[in-house]
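>>> Sequence first, predicted coordinates after that:
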Amino acid sequence: MKVEPMNWISEVVRPRIKTLFKRETPENLWVKCPETGQMVFHKEVEANHFVIPGSEHHLRMTAQQRLKMMFDQGTWLDVPLPEVATDPLKFRDEKRYVDRLKDARAKTGMADAFKIGFGRVSGLPMTLAVQDFGFMGGSLGMAAGEAFVRGAETALDKHTPYVLFAASGGARMQEGILSLMQMPRTTVAVRRLNAARLPYLVVMTNPTTGGVTASYAMLGDIHLAEPGALIGFAGPRVIEQTIREKLPDGFQRAEYLKEHGMIDQVVHRRDLRATIARLCGLLMQAPADAAVAAEPLPA
């Protein structure tokens, strides 16, 4: 057997030099703006509530990040969510549904697409529900429906406004008709809030589509949206193929919908907390100095 002579320069010296000068670089050190291609430090974007400085492009936030941004001192009480059947239809496409759920839970650290928090926003007690698009596209299934209803029940029990941050691709196909049943169930929950004269505000983030738009996301007393958010039932491509016409520029974006009366206000993320607190304070007839006179929250 022929043995190749060892090149001591390439096999000995170079690896040692590489090890000596090796630097660990975090993978998420930079964030690329989807609109302009601008590269920005991740910490700078995070400090700016995940809005790209310069282009003002609003990146998606996790449910945990959203709640931390909204509540006073970034603290709140997590509302326990009911458990539901994991895979009632034994659904399988390219992967088993149970495996998709495991992957999503490992990725996000959440049981499903919803997270509910109870705390104070500028001193005003408030119940917040957040859909996390990172969990299977924030899709509406039995667990998400139960979570929304539990959030409404919490608002009724604590007598607080109920604020939803919607982000979803629509109903979860893996649960079939059981997913579509959540649309009337959540509508009933909103009607109960209306009957109790409690404010229900919806903040539509990018994207808010499908069955979520066709139900509880469009039933708010006030509809807010983040800049540039895609909002609609079917996607623009499907609509164009159906009607065989070119859609107007900006169609289904938050600014377009505001101009046509579907959205009350488009609010920059830095102003969301103050805007929601002001609106809820007016609707609840809370005193202007509620933040100063705030008492500890009940358990």
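Received, thanks.

>>> Leaving out chain neighbours, which residue sits closest to residue 142?
residue 84 (4.3 Å; Cβ to Cβ, 6 or more residues apart in numbering). C-beta here means a position set from N, CA and C on the backbone, and glycine is covered the same way.

>>> go on, residue 250?
Closest to residue 250 by Cβ to Cβ, 6+ apart is residue 256, at 4.4 Å.

>>> just residue 213 next, same as before
Nearest non-adjacent residue to residue 213 (Cβ to Cβ, 6+ apart): residue 233, at 5.3 Å.

>>> And for that neighbour, the neighbour number?
If you count neighbours by other Cβ atoms under 10 Å, residue 233 ends up with 16.

>>> do you know how far it is from residue 245?
Residue 233 is 17 Å from residue 245, where distance means Cβ to Cβ, to the nearest Å.

>>> Kindly report the same for residue 166.
Taking Cβ to Cβ, one finds residue 166 at 28 Å from residue 245.

>>> More neighbours: these two, which one.
Legend: neighbour count by other Cβ under 10 Å for residue 166 and residue 245, higher for residue 166 (28 against 8).

>>> Using PDB, list the CA coordinates for whatever helix or strand that one lives in.
In this structure, residue 166 sits in strand 162-168 according to DSSP states H and E. Below are the C-alpha coordinates for strand 162-168, written out as PDB (Å, rounded to 0.1, in the frame of the first residue of the first chain):
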ATOM      1  CA  TYR A 162     -59.700  42.300  25.700                       C
ATOM      2  CA  VAL A 163     -57.000  43.000  23.200                       C
ATOM      3  CA  LEU A 164     -56.100  40.600  20.400                       C
ATOM      4  CA  PHE A 165     -52.900  40.700  18.400                       C
ATOM      5  CA  ALA A 166     -53.900  38.600  15.300                       C
ATOM      6  CA  ALA A 167     -51.400  36.900  13.100                       C
ATOM      7  CA  SER A 168     -52.500  33.900  11.100                       C
END
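
>>> hmm, back to that, tell me the first helix or strand C-terminal of the host helix or strand of the residue nearest to residue 250.
In this structure, residue 256 is located in helix 254-259 according to DSSP H and E. Note on helix 254-259: by DSSP H and E, the next helix or strand toward the C-terminus is strand 265-266.
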